[in-house]
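K.L.:
Below: sequence and its predicted model.
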Amino acid sequence: MSVGKILLPLSGRNDADATAETAFILAERFGAQVEGLHPATPPIDRFAIQDEAGAAMQYQRLLEQAKIQAKRDEDNARSRFATWSKAHKKVKTGFLALEGDAGDSVAHRARLADLTVIPKVTKKEGGFRMVVREAALFQSGRPVVIAPEKKVAAHTGETIVIAWKESVEAARAVAAALPLCGKAKAVHIVSAGSGKEAVRSLAEIKKYMALHFPKVTAKMVRGGKNVGAALLAEASKQKGPLLVMGGYSQWRWKEWVFGGVTEYVLNETGIPVLMAH
């Protein structure tokens with residue numbers, strides 16, 4: 001079992017270098033190839049979004065402008081991907097531009113990848129990031145890696161930190177992380193639960209992970225009212241951490257309205273996070 005392909009969606013506009021660096025660094029560590037994907041919105045759709053009420057006589061001019069912008073975005077995405085590829089010569093790469101609905105294109109290619117690397121939530125972000133995040137996390141059936149805003153260290157992935165709780169999402173995240181654990185230098189399990197059941201569950205997951213990685217450690221942390229902050233703080237103490245966790249273990253509207261671990265991590269993480277739903 002190994003990581004064979006990492007998907008990197010690119011808009012061609014203001015793509016974060018940190019997201020690309022995360023994808024390539026993980027590819028180097030785990031021996032994977034990186035597929036750059038530019039999901040291109042058809043020019044006619046761009047026109048409809050930008051000028052629904054436009055006069056008929058302006059249609060052709062606006063359509064031509066949309067075609068020019070679409071070509072510019074694709075060329076920019078291709079050029080920047082080539083630059084990142086040259087900086088990471090050991091990584092095998094491929095680039096693909098798909099015209100159509102961006103979410104459908106990302107979901108389609110993500111289903112054929114072991115990981116999809118996407119940027120964290122920021123206050124200033126366009127619709128592309130949100131579409132990509134939704135598609136990769138909820139429509140692909142595959143895990144994603146949330147990349148922080150700042151560039152990650154070259155030793156990222158040396159320590160796999162598993163945020164454990166007994167849930168379907170956490171179990172899926174652990175399964176997705178097993179190939180990464182095999183090439184990591186350390187595996188650390190952390191739980192923010194409390195009580196005898198939480199202690200028992202942590203002991204059981206440690207015993208299970210020891211079957212795959214003998215030198216595994218485990219620790220209970222005090223989550224209090226902010227479990228997400230506690231998990232990130234503990235993971236950040238490790239060398240080259242990659243945090244592994246389940247995403248949205250309750251209904252998403254509850255996370256959005258009341259706040260939750262997933263939403264906190266998506267907004268605040270300063271380290272890469274492998275998340276599975």
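P.N.:
Done, it's in.
K.L.:
So for the one helix or strand Asn76 maps to, mean pLDDT?
P.N.:
Using DSSP states H and E, the element containing Asn76 is helix 59-87. Along helix 59-87, the predicted local confidence has a mean pLDDT of 85.
K.L.:
Over to stretch 217-235?
P.N.:
The average pLDDT for stretch 217-235 rounds to 90.
K.L.:
Could you pull out the helices in the chain for me?
P.N.:
17-30, 43-50, 59-87, 102-110, 127-134, 168-181, 196-210, 227-236, 252-258, 261-268 (DSSP state H).
K.L.:
for those, which one sits closest to Lys150?
P.N.:
Smallest distance to Lys150 across these (C-beta to C-beta): 5.8 Å, for helix 17-30. In short, each C-beta sits where N, CA and C put it, glycine included.
K.L.:
Just the buried positions in stretch 65-84, please.
P.N.:
Taking 16 or more other C-beta atoms under 10 Å as the neighbour-count basis, stretch 65-84 is seen to contain the buried residues 65-66, 69-70, 73-74, 76-78, 80-81, 84.
K.L.:
quick one: terminal-to-terminal distance for stretch 109-129?
P.N.:
In terms of C-alpha to C-alpha, to the nearest Å, the two terminal residues of stretch 109-129 are separated by 16 Å.
K.L.:
Would you check the distance separating it from the middle of the chain?
P.N.:
Taking C-alpha atoms, centre = their mean, to the nearest Å, the mean C-alpha location of stretch 109-129 is offset from the chain mean by 6 Å.
K.L.:
ok, now stretch 34-42?
P.N.:
Using C-alpha atoms, centre = their mean, the mean C-alpha position of stretch 34-42 is found 16 Å from that of the whole chain.
K.L.:
who touches that stretch?
P.N.:
For stretch 34-42, the external contacting residues (C-beta atoms under 8 Å, 6 or more residues apart in numbering) are 5-12, 23-24, 27, 70, 73-74, 77-78, 81, 85, 91-103, 105-106, 109, 113, 132.
K.L.:
Make CSV from the helices of the chain and add distance to Val190 to it.
P.N.:
Formatted as CSV, the entries for the helices of the chain read as follows, by distance: least, C-beta to C-beta, whole Å:
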stretch, distance to Val190
helix 17-30, 21
helix 43-50, 43
helix 59-87, 32
helix 102-110, 27
helix 127-134, 24
helix 168-181, 12
helix 196-210, 9
helix 227-236, 5
helix 252-258, 20
helix 261-268, 12
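K.L.:
of all those helices, which lies closest to Lys120?
P.N.:
Nearest of the helices of the chain to Lys120, taken as C-beta to C-beta: helix 261-268 at 6.0 Å.
K.L.:
as a whole number, average confidence for that closest one?
P.N.:
Across helix 261-268, the average pLDDT comes to 88.
K.L.:
thinking again about what came up before, helices or strands next to the helix holding Asn76 in the packing?
P.N.:
Applying 3 or more C-beta pairs under 8 Å, 6 or more residues apart in numbering; DSSP states H and E, one finds that helix 59-87 makes contact with helix 17-30, strand 33-40, helix 43-50, strand 93-99.
K.L.:
for these, which one sits closest to Thr122?
P.N.:
helix 17-30 (11.0 Å).
K.L.:
List the contacts of the closest one.
P.N.:
Judged by C-beta under 8 Å, 6+ apart, the contacts made with helix 17-30 from elsewhere in the structure are 2-3, 6, 8, 10, 32-34, 80-81, 84, 87-88, 90-91, 115, 117-119, 145, 147-154, 156-158, 179-180, 183, 242, 272.
K.L.:
List the buried residues for it?
P.N.:
18-30.
K.L.:
quick one: which of those residues is nearest Ala210?
P.N.:
Compare each of those with Ala210 using C-beta to C-beta and the shortest gap goes to Phe30, at 21.1 Å.
K.L.:
Chain neighbours aside, what residue packs nearest to the residue nearest the centre of the chain?
P.N.:
Closest residue to the average C-alpha location of the chain: Val145 at 2.6 Å, with C-alpha atoms, centre = their mean. In space, not counting the residues next to it along the chain, Val145 is nearest to Val117; the distance is 4.7 Å by C-beta to C-beta, 6 or more residues apart in numbering.
K.L.:
right, and Met209 touches Cys181 too?
P.N.:
Yes - at 7.3 Å, Met209 and Cys181 qualify as touching, with contact defined as C-beta atoms under 8 Å.
K.L.:
quick one: low-confidence parts of the stretch 151-277 of the chain?
P.N.:
Applying pLDDT under 70 to the stretch 151-277 of the chain flags residues 249-259.
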